[in-house]
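Peer 1: Here's a sequence, model it:
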Amino acid sequence: MTKDLISINDLTTDEIHGLLDLSAKVEAMPLAERVQMLRGNVLGVMFFEPSTRTRLSFEAAMARLGGSVVGFSETGSTSVVKGESLADTVRTLECYSDVMVIRHPWEGAARLAASVSKVPVINAGDGSNQHPTQTLLDLYTLRKFFGKIGGLKVAFVGDLKYGRTVHSLVHALMMFGDVQMTLVSPEALQLPDYLKIEAANRGVVLNETTDLAEAVRSCDAVYMTRIQKERFADLVEYEKVKNSFCLTAKALEEAQEHMKVLHPLPRVTEIASDVDSTRHAGYFEQVRNGVVMRQAILLTLLGVRP
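Peer 2: Predicted coordinates for the structure are as follows:
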């Protein structure tokens, strides 16, 4: 594995399997044993965009490994408001930490941070580009639910144009070869062409539709996404598509018994609250898996093995 984790493209299939296996191993360890593994290490966090699950799960992951956390979750109290460059902010935090995690609204910001940092950098989301740690926890969640990843039928629903979690996960699933993917979105929010071209080059079929009901009936997992208001330059266009899809408990009546609904969260209107109590709801288990996967990533980048 490279020094940094910036894109899911940086990992081989074997490296992904290694992280999934390490996550399972760490999850099975007693907390008393885990809490000794990164004692004395410091995680630096730089969140230039809002976050709940990603930031808190990284902080929880480091704390449960015995390490500590420094950094910021908003820029209002930092020198960024004085005009400090991203590179200088990175170089400063590098002086206080052993590994860093960054979320930023600019595509490519995480790669820039890695280029100037002497300590490992983890991308926690850069614009609409990539979110590799979310992808890894999504893969871990799929493997826990179904015992495998290869051979699954997965539907992606909602904002496939700007959704960085979708971009990363679609790419990762292509690496497993025999995964069948269905894309459900408004025409204005279809998956970017570069991913469609990559799929064609790999011989992977992507089925595009606007029929959510058929995806629910035929797939093993339905990955819902929020229509991201903050990514739209024109709010009129956002208003046209914001309520395109809503999954309800009623809509799940025709789903296969084992089907699971996933979502990177936060949700708005795309999953009704009555889905939470069904056997199909998998998104809060997905959240829990974020801590153990991010523990595996921290351990790997810092060169510590159980």
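Peer 1: Just the element for residue 156, please.
Peer 2: Per DSSP states H and E, residue 156 falls inside strand 153-157.
Peer 1: Residue 70 too?
Peer 2: Assigned by DSSP H and E, residue 70 falls in strand 68-72.
Peer 1: What of residue 194?
Peer 2: Using DSSP H and E, the element containing residue 194 is helix 193-202.
Peer 1: Then residue 182?
Peer 2: Assigned by DSSP H and E, residue 182 falls in strand 180-184.
Peer 1: how far does that strand sit from the chain's center?
Peer 2: Here strand 180-184 is found 18 Å from its chain centre; the criterion is Cα atoms, centre = their mean, to the nearest Å.
Peer 1: and if you look at stretch 194-202?
Peer 2: For stretch 194-202, the distance to the chain centre is 21 Å (Cα atoms, centre = their mean).
Peer 1: relative orientation of the strand holding residue 182 and helix 193-202 in degrees?
Peer 2: Using axes from the mean of the first three to the mean of the last three Cα atoms, to 10 degrees, the inter-axis angle of strand 180-184 relative to helix 193-202 is 160 degrees.
Peer 1: Strand 180-184 - contacts with which helices or strands?
Peer 2: Strand 180-184 sits against strand 153-157, strand 206-209, helix 212-218, with contacts defined as 3 or more Cβ pairs under 8 Å, 6 or more residues apart in numbering; DSSP states H and E. To be clear about C-beta, it is placed using only N, CA and C from the backbone, and glycine gets the same treatment.
Peer 1: just those: most buried one?
Peer 2: strand 153-157 (a mean of 23; mean count of other Cβ atoms under 10 Å).
Peer 1: Would you map the helices across the stretch 101-250 of the chain?
Peer 2: Assigned by DSSP state H, counting those that start in this stretch, the stretch 101-250 of the chain shows helices spanning 109-116, 132-146, 164-174, 193-202, 212-218, 235-241.
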